[in-house]
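# Model the structure of this input:
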Amino acid sequence: MSTENPFDHSAIDDVIHGRLRLGIMAYLTAASPAIFGELRDKVGATDGNLSTHLKKLEEAGYVRQEKRFVGKRPQTRVFLTDEGRRAWLGWIDTMNNLMKAAQ
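Okay, here's the model as predicted:
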């Protein structure tokens with residue numbers, strides 16, 4: 001019998017677990033890369049709020065931003081990194097384990 005506590009929440013990745021960052025990670029899992037404006041609209045954020053949360057995800061190595069020009073207009077594309085995908089899957093596993101323990 002395992003001595004692990006099935007209700008141990010310490011494995012929850014706080015970088016992902018914030019509501020807006022959770023939405024960002026979920027969206028990028030399905031739509032990486034995403035254009036900044038598209039991502040902003042999908043997660044219901046303002047430009048500044050999204051930028052702040054993307055910076056935190058980027059510092060953790062979970063996303064990468066690429067700035068380029070399309071014609072004469074600047075465009076930022078946001079990519080989910082391999083490390084970000086692993087972290088996302090780990091977050092899902094942790095949440096599934098907590099939910100199973102609670103049933």
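
# ok, now how distant is the spatially most central residue of the chain from residue 101?
The residue lying closest to the centre of the chain (Cα atoms, centre = their mean) is residue 25, at 2.4 Å. To residue 101, residue 25 is 23 Å away according to Cβ to Cβ, to the nearest Å. From N, CA and C alone the C-beta is placed, and that goes for glycine too.

# what about the strands in the protein?
34-35, 63-70, 73-80 (DSSP state E).

# Tell me which strands the shortest one pairs with, and in which orientation.
Read it as strand 34-35. Paired with strand 34-35 in the same sheet, following DSSP bridges, are strand 73-80 (antiparallel).

# Just the buried residues of the strand it pairs with, please?
Buried residues in strand 73-80, counted by 16 or more other Cβ atoms under 10 Å: 76, 77, 78, 80.

# angle of that strand against strand 63-70?
Following axes from the mean of the first three to the mean of the last three Cα atoms, to 10 degrees, one obtains 160 degrees for the angle between strand 73-80 and strand 63-70.

# what mean pLDDT does strand 73-80 have?
In this model, strand 73-80 carries a mean pLDDT of 96.

# for the record, mean pLDDT for stretch 24-42?
Per-residue scores along stretch 24-42 average to 97.

# Run through the residues that contact the nearest residue in space to residue 43 that is not next to it in sequence.
Among residues not flanking residue 43 along the chain, residue 23 sits closest, at 4.1 Å (Cβ to Cβ, 6 or more residues apart in numbering). Applying Cβ atoms under 8 Å, 6 or more residues apart in numbering, we find residue 23 in contact with 42, 43, 44.
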